[in-house]
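1. Give the three-dimensional model of this entry:
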Amino acid sequence: MNGPTEIKLFRANRLKGTESGNGGGTLPDPTIQTSFGPLINATPGISFDGTDVFHAGYIPSDSNIAVGPNHIVETVNAAYTVYSKTGALLFGPNSIRSLWTGLGGACSASDGGDPIVQYDRAADRWMITQLGSLSNPYSECIAISTSPDPMGSYFLYSYDFGLYLNDYPKFGIWPTATNSAYLASYSLFLLASLPAGSEICAYDRAAMLAGQPDAMGLCYSGVIADVLVPSDTDGPTPPLDGTPGYFLNLYSYSSLALFKMTPNFAAATATLTQDSIGIASFSEAPPAPQPGTTTTLDSLGDRLMNRLAFRVFPDHESMVVNHSVAVGSRSGVRWYELRGPVSAGAGFSPYQQGTYAPDNSFRWMGSAAMDKAGDIALGYSVSSSTIYPSVRYTGRIPTDPLGTMASEASLWEGAGSQTGYSRWGDYTSMQIDPSDDCTFWYVNEYLPATHPYGWFTRIGSFKFSGCGATLPDFSLSANPASVALTQGNAGNSTITVSSVGGFSSSVALTVSGCPANTTCTLNPASVTPPENGSAASTLTIATTATTPPGTYTLTINGNGSGHSTTVSLTVNPASSDFGISLSASTLTVNRGSNKALTVNVTKISGSSSVTLSVSGLPSETNGSFSVNPLTAPGSSKLTISTNRAASKGTYTVTVTGKFGSVSHTAAFTLTIK
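-> Sure thing, here's the model as predicted:
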């Protein structure tokens, strides 16, 4: 497999102001939540142990999961395991490198680490990735399941990164209708030592799902000096076609950088633009203490954490993400919900943000996601000088005050400290169950006893009680649903937007499928239904005399979100008439030769495409038209050709013109000598 196609350099310097030291000073944080909110409105599900260091063999754990309709797949550093949704072990733990046995090379020779597993809901497939090597030449290994079974076979890929270690990769699923991609971000290090910026890539998802061996990767290198996270689609609604892949970065202590990459795999090109998103000021989080040891745990407070969870709602798009920040001398989890309109690449801005630090404990290593009801879940590690590193979570429902989370729940309490290593986890994963789009699954690590590096992982689920109820939404209908028009006339259909579940937001309407030489307009173009009521817009269809007759389907879409209705349009030809005449009333032709006369067609009304024919010719004689059919007014040359066997004589020849049910004739006398 060839390396990804590198597009160009797009470098930006990370700006951190004048702060210095680990935390960059003590910037004021206006979003801190210093007390527990109301009791979290979520019901715990199951909880079970995942893979541990004694089966995987490496530290840190790099723990993450993906959830499908029937399976949970966990990847850690450097093993993968498959479970049922009841926690039963179905497969593994097995070394990740074993996936690439059929491909060979570095991917099958070593466990490079930094694995990611994803479930591609739109394709019902699985993706497992890892670094190909920790020595030159460096590469990225990607495996795509050939079926919905994560224990089955995989299409295998290896992408070359040459002299640059493609460290800390993160992956997102981006299932647009065309140019769909697997998005990836990397932190580059020349020969694994010299920082060389970051690289973002879009891999050709359609080609990889088909197992094409030359599936393309388009990449921008040197994008920024720190870690980015790619957008990862949750829920059943894909991004609108043409929506760029998003990559987000902590650009400064008061802003995010949003990179928007639009690939075109057919042309092997891509475009890249950058937006700046202002956020509340913060300082980087300090390391976390543990009981009974001076070893502290790295908060990785210099980066956004896995994942950038993207979701399309009827009236907006949302992305949720988190990172660790300083709260006085301890750490808390800063989280964001960014929103934008439902569109192909419009900007995002903070809808809400908060820093969860409800007591004096340290919280870090978070992961966030959102369910179909708009509930947000946030999982993380927590510890202090008296609390062993434990796995906990919080969350919020849409009616909670903006920027706040509820009380904290425990997924699993640790019983030991990590004394031999300061790295902890590197990343975790909060995922949403595609079976109901409501159940959250989270994985993180803990120690059952104090040990230099003896990590275990815990996988658990929970669900907000309001998810699954009737959600705010809208529907579209058309009355009449069929419109018949004669060319040159206009007609209307009423488009009704109906509120469901208390929906009361603006709905932007668009129409597609309008035939040529016709205008289709909506007035008004946006309507806002009252809660559980409806609002209407008038679709006006105006044809012209040149609108092609036929039947067409007009599609009216709301907010570009998959909510649509249709109107069947039938265009009938206008009533038309024409006249026909000849340039001569007689024509004499010698046997074996030819002569011509002109057929003139005049327009009386409407628009006519007249088909010509000739009858009454004797044997061994032919007639042909230079233009047939022709549009009135117009003319065509009728050539009469004879051969030497034609019979001499005088004949009456008729020329007929026909348009629809209308026909007219003209005759002339033909003499053959």
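2. Show the end-to-end separation of stretch 590-609, please.
-> Stretch 590-609 has an end-to-end distance of 33 Å (criterion: C-alpha to C-alpha, to the nearest Å).
3. Look up which residues are beta-bridged to Ala257.
-> Note on Ala257: beta-bridge partners Asn249, Ser276, judged by DSSP bridges.
4. what about it, neighbour count?
-> By other C-beta atoms under 10 Å, the residues close to Ala257 number 21. All C-beta spots, glycine's among them, are computed from the backbone N, C-alpha and C.
5. from memory it sits against Tyr251, does it?
-> Yes - checked against C-beta atoms under 8 Å, the pair Ala257 and Tyr251 is within contact range at 3.7 Å.
6. For this structure, name the helix or strand with the lowest mean pLDDT.
-> The weakest-scoring helix or strand in the chain, judged by mean pLDDT, DSSP states H and E, is strand 5-9 (a mean of 44).
7. Could I get the contacting residues of Ala196?
-> 164, 188-190, 221-222 (C-beta atoms under 8 Å, 6 or more residues apart in numbering).
8. redo that, cut-off 10 Å
-> 163-165, 187-190, 221-222, 225 (C-beta atoms under 10 Å, 6 or more residues apart in numbering).
9. Which helix or strand contains it?
-> Assigned by DSSP states H and E, Ala196 belongs to strand 194-204.
10. Just the buried positions in that strand, please.
-> 196-204 (16 or more other C-beta atoms under 10 Å).
11. quick one: which two of the residues you listed are the most distant?
-> Largest separation among the buried residues of strand 194-204 by C-beta to C-beta: Ala196 and Asp204, giving 24.9 Å.
12. now the buried residues of strand 194-204 in CSV, with distance to Val67 and pLDDT?
-> Output for the buried residues of strand 194-204, formatted as CSV (distance: C-beta to C-beta, whole Å; pLDDT from 0 to 100):
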residue, distance to Val67, pLDDT
Ala196, 35, 90
Gly197, 33, 90
Ser198, 28, 93
Glu199, 28, 95
Ile200, 25, 96
Cys201, 24, 96
Ala202, 24, 97
Tyr203, 22, 98
Asp204, 25, 98
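13. Make JSON lines out of these and add distance to Ala42.
-> Formatted as JSON lines, the buried residues of strand 194-204 follow (distance: C-beta to C-beta, whole Å):
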{"residue": "Ala196", "distance to Ala42": "43"}
{"residue": "Gly197", "distance to Ala42": "40"}
{"residue": "Ser198", "distance to Ala42": "35"}
{"residue": "Glu199", "distance to Ala42": "38"}
{"residue": "Ile200", "distance to Ala42": "34"}
{"residue": "Cys201", "distance to Ala42": "36"}
{"residue": "Ala202", "distance to Ala42": "35"}
{"residue": "Tyr203", "distance to Ala42": "35"}
{"residue": "Asp204", "distance to Ala42": "38"}
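14. Counting neighbours, what do you get for Gln118?
-> Counted with other C-beta under 10 Å, Gln118 comes out at 25.
15. what residues are up against it?
-> 64-66, 73, 75, 125-129, 144, 171-173, 182, 232-233, 307, 429, 431.
16. Just these: which are in strands?
-> 64-66, 73, 75, 125-129, 144, 171-173, 182, 232-233, 429, 431 (DSSP state E).
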